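Colleague: here are the coordinates; sequence isn't available:
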């Protein structure tokens with residue numbers, strides 16, 4: 001637990017410094033600990049050390065850890081298959097990866113049956129990477145306008161995954177652009193949409209993301225001391 005405690009302290013300090021550089025406080029930034037390679041014991045330890053929000057990118061692991069630690073706030077951050085919608089509706093704090101209209105319809109359909117609403121972020125493929133999920137920039141406004149038809153879905157912000165780059169500074173233009181898009185769209189009125197969150201930044205680039213306006217960061221390896229991977 002000593003190493004985990006030190007890792008969490010260092011991450012929080014880095015968040016605080018980055019937030020101050022952007023004219024905010026560390027408390028303005030929501031830290032989601034990505035626990036995809038952590039075991040349940042490590043998740044429990046992190047919770048005891050003050051981490052309350054955890055993110056998983058596979059539904060099976062999400063379910064397993066959510067059952068082991070139901071008092072935590074759980075986020076689905078990976079690509080969600082439509083046949084797995086039943087496993088997260090009414091159960092997760094926030095879905096970060098709403099990346100296509102068909103998924104939006106399935107989420108709405110399931111939530112309406114259960115009498116709940118689904119809180120989600122619209123994933124934007126701002127870098128235009130062919131192999132990466134997300135709504136294209138040119139389609140974001142139309143998507144948000146159409147969400148008004150889905151009474152059980154709520155869009156609370158935008159999310160993106162920057163390319164994995166050796167130099168975090170290289171991701172700055174991507175984060176800056178998405179912040180500017182979010183601010184522009186937030187001034188408009190869309191039914192069932194409130195753009196208050198911007199989820200961007202992982203272990204290798206979260207400080208730059210915060211400096212450019214992120215208020216949710218998804219951090220795995222810097223907390224759980226795991227080997228860096230293309231995501232989190």
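Modeller: In hand now; what should we look at? Being a predicted model, the structure only gives us computed values, none of them experimental.
Colleague: can you pull the contacts of the residue nearest to the spatial centre of the chain?
Modeller: Per CA atoms, centre = their mean, the C-alpha nearest to the average position across the chain is that of residue 96, at 4.2 Å. Each residue near residue 96 by CB atoms under 8 Å, 6 or more residues apart in numbering is listed here: 55, 75, 76, 77, 120, 121, 123, 159, 199, 216, 218. Heads up, the C-betas are built off the backbone N, CA and C, glycines and all.
Colleague: how about the residue lying closest to the last one once chain neighbours are set aside, secondary structure?
Modeller: In this structure, residue 218 finds its nearest non-sequential neighbour in residue 32, 4.9 Å apart by CB to CB, 6 or more residues apart in numbering. Going by DSSP: H, G, I helix; E, B strand; the rest coil, the secondary structure assigned to residue 32 is strand.
Colleague: can you give me the neighbour number for residue 32?
Modeller: 25 (other CB atoms under 10 Å).
Colleague: picking that back up, would you say the residue nearest to the centre of the chain is within a strand?
Modeller: Yes - under three-state DSSP, residue 96 falls within a strand.
Colleague: what's the distance between it and residue 56?
Modeller: Remark: distance between residue 96 and residue 56 (CB to CB, to the nearest Å) = 11 Å.
Colleague: and for residue 28?
Modeller: Between residue 28 and residue 56 the computed distance is 24 Å (CB to CB).
Colleague: more neighbours: these two, which one.
Modeller: Per other CB under 10 Å, whichever of residue 28 and residue 56 has more neighbours is residue 56, with 25 against 12.
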